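>>> Need coordinates for the following:
(one chain, ligands or ions: 2)
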Amino acid sequence: MARIVGGVTTSHIPAIGNAMTEGLENTPYWKRFFDGYEPVKRWLEDVKPDIALVVYNDHGLNFFLNNIPTFAIGCADRYDNADEGWGLKTLASFEGDAQFSWHIAESLVEQHFDIATCQEMLVDHGFVIPMALMWRHLPKWPVKVIPFAVNTVQHPIPTARRCYQLGKALRKAIDSYPEDLKVVIFGTGGMSHQLQGERAGLINVDYDLKTMESVISDPEWLARQTTSEIIENAGTEGVEIIMWLVMRGALDDQVKVVHKHYHTPISNTGAGVLVLQNAA
Ligand code: DHB
Ligand code: FE
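Ligands and ions are numbered 1, 2, ... in the order given. From the prediction side, this is the model:
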């Protein structure tokens, strides 16, 4: 049977992509940030997942404001990356597992999550930056991927509670797939940031740190917050943090922390990374 080997949550700030392209990893601005990913890379080398289920938000590349599903799963055997306007280098395509995707889609619909299914899907920085952070040192991507897009861009967006429930449904979907596959689930986005308006530049370190602790040991704290409460604390784009709850929902109630790291600012954002495993 397929099983979840653990979960990773990480920010997906486009500036990280430019820093990698320019080889700035060891410069004073970037070093501490990139050092925070070394233990994650080691953990991934250790657990050797076959599949990365990547929960992220599209930022206008595959879905634009005129046409945004609340939840959408990629059901393709290949996903291409494109530059959606941040000047990012286009990375190699990703191999998918359409059969597994369709199983997840069927299971979610049975569990009353009526998602969109995409047999073609371009993946943007919300997906690609985390992949590059983990695996750019390898000659090719070592996992097959399943992209799962959550709308955090065009309101109304799903609630934190719904995202947490989605994670639990994804867990059931994965656990019921008969193939022996090791799955790592990613939740990307966050942490606090607001890129526009009067509060542009907002970073809320206290809230970010509380959020990290909540995702580890008290997901209810974040799950019960309304979208407005999250935006008030984390900023209009900081609401991307709801995707961390999808990852958390897919794990057991009790988890162990393999790694946690927080660094700010990166671009306009509080940058965090977590690796969690089921405690048992
Ligand atoms: C930034 C962060 C994001 O999550 C994003 O999607 C775009 C930009 C930033 O801080 O620059
Ligand atoms: Fe983003």
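>>> need the residues of the stretch 1-150 of the chain near ligand 1, please.
The stretch 1-150 of the chain comes close to ligand 1 at residues His12, Ile13, Pro14, Ala15, His59, as judged by CB under 6 Å from any ligand atom. All C-beta spots, glycine's among them, are computed from the backbone N, C-alpha and C.
>>> pLDDT value on the last one, please?
By that I understand His59. We have a pLDDT of 97 for His59.
>>> what's the distance between the closest residue in space to it that isn't next to it in sequence and His12?
Nearest non-adjacent residue to His59, counting by CB to CB, 6 or more residues apart in numbering: Asp124, 5.4 Å away. Here Asp124 is placed at a distance of 9 Å from His12 (CB to CB, to the nearest Å).
>>> Likewise for Ala19?
Counting by CB to CB, the gap from Ala19 to His12 is 13 Å.
>>> Look up which residues are beta-bridged to His259.
Val275 (DSSP bridges).
>>> pretty sure it contacts Ile216?
No: counting by CB atoms under 8 Å, Ile216 is not a contact partner of His259; they are 11.2 Å apart.
>>> any shared contact partners between those two?
Leu274 (CB atoms under 8 Å, 6 or more residues apart in numbering).
>>> Using the three-state scheme, assign the residue of the chain positioned farthest from its centre.
Largest separation from the mean C-alpha position in the chain: Glu198, at 27.2 Å (CA atoms, centre = their mean). Here Glu198 takes the coil state, with states given by DSSP: H, G, I helix; E, B strand; the rest coil.
>>> With Pro265 instead?
strand.
>>> what number of residues lie near it?
Pro265 has 17 neighbouring residues, counting by other CB atoms under 10 Å.
>>> One more: Gly96?
Neighbours around Gly96, by other CB under 10 Å: 21.
>>> Check Ser176 too.
Neighbourhood size, Ser176 [other CB under 10 Å]: 14.
>>> Likewise for Asp252?
So Asp252, with other CB under 10 Å, has 13 neighbours.
>>> tell me which element it falls in.
Asp252 belongs to no helix or strand when assigned by DSSP states H and E.
>>> all strands for the stretch 101-250 of the chain, in order.
For the stretch 101-250 of the chain, the strands defined by DSSP state E, counting those that start in this stretch cover 116-118, 122-123, 144-150, 182-188.
>>> Dump these to TSV, plus mean pLDDT and mean neighbour count.
Listed next are the strands of the stretch 101-250 of the chain as TSV, based on pLDDT from 0 to 100; neighbours: other CB atoms under 10 Å:
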stretch	mean pLDDT	mean neighbour count
strand 116-118	98	18
strand 122-123	98	21
strand 144-150	98	26
strand 182-188	98	25
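>>> Now rank the residues of the stretch 1-150 of the chain next to ligand 1 by neighbours and give me the top one.
The residue in those with the most neighbours, by other CB under 10 Å, is His12 (28 neighbours).
>>> wait, isn't that residue in contact with Tyr56?
Yes: shown here, His12 and Tyr56 form a contact pair, counting by CB under 8 Å, at 6.6 Å.
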